[in-house]
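Asker: what's the 3D shape of this:
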Amino acid sequence: MIPFNKPCNTGKEATAIQEAMEQNKLAGNGPFGKKCVSWLEDHLGCEKAILTPPVQLRLK
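Answerer: This next block holds a predicted model:
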């Protein structure tokens, strides 16, 4: 079975959380979101990648 809800731990999580908290950038459009978009565009070869929040959040 594929563990869909089990996060992958790289050992860099605590540093990333600390950095995000120090920058007060916890929303999706912060520096980490921009890094994700850039990574997706580079690795998928797409012109533009867009991150969206989970649909469940919109249904509440």
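
Asker: Point out the other helices and strands that the biggest helix by length in the chain packs with.
Answerer: Counting residues, the longest helix found in the chain (DSSP state H) is helix 31-44. When contacts are defined as 3 or more Cβ pairs under 8 Å, 6 or more residues apart in numbering; DSSP states H and E, helix 31-44 packs onto helix 13-23. The way it works is simple: take the backbone N, C-alpha and C, and place the C-beta from them, glycine included.

Asker: What is the helix it packs on packed up against?
Answerer: Using 3+ Cβ pairs under 8 Å, 6+ apart: helix 13-23 touches helix 31-44.

Asker: So what touches the helix it packs on?
Answerer: Ala16, Ala20, Gln23, Lys25, Ala27, Cys46, Glu47, Lys48, Ala49, Ile50, Leu51 (Cβ atoms under 8 Å, 6 or more residues apart in numbering).

Asker: The third one contacts Gly30, doesn't it?
Answerer: Yes: taking Cβ atoms under 8 Å as the definition, Gln23 is a contact partner of Gly30 at 7.1 Å.

Asker: pull the helix or strand with minimum mean pLDDT from the chain.
Answerer: helix 55-59 (a mean of 62; mean pLDDT, DSSP states H and E).
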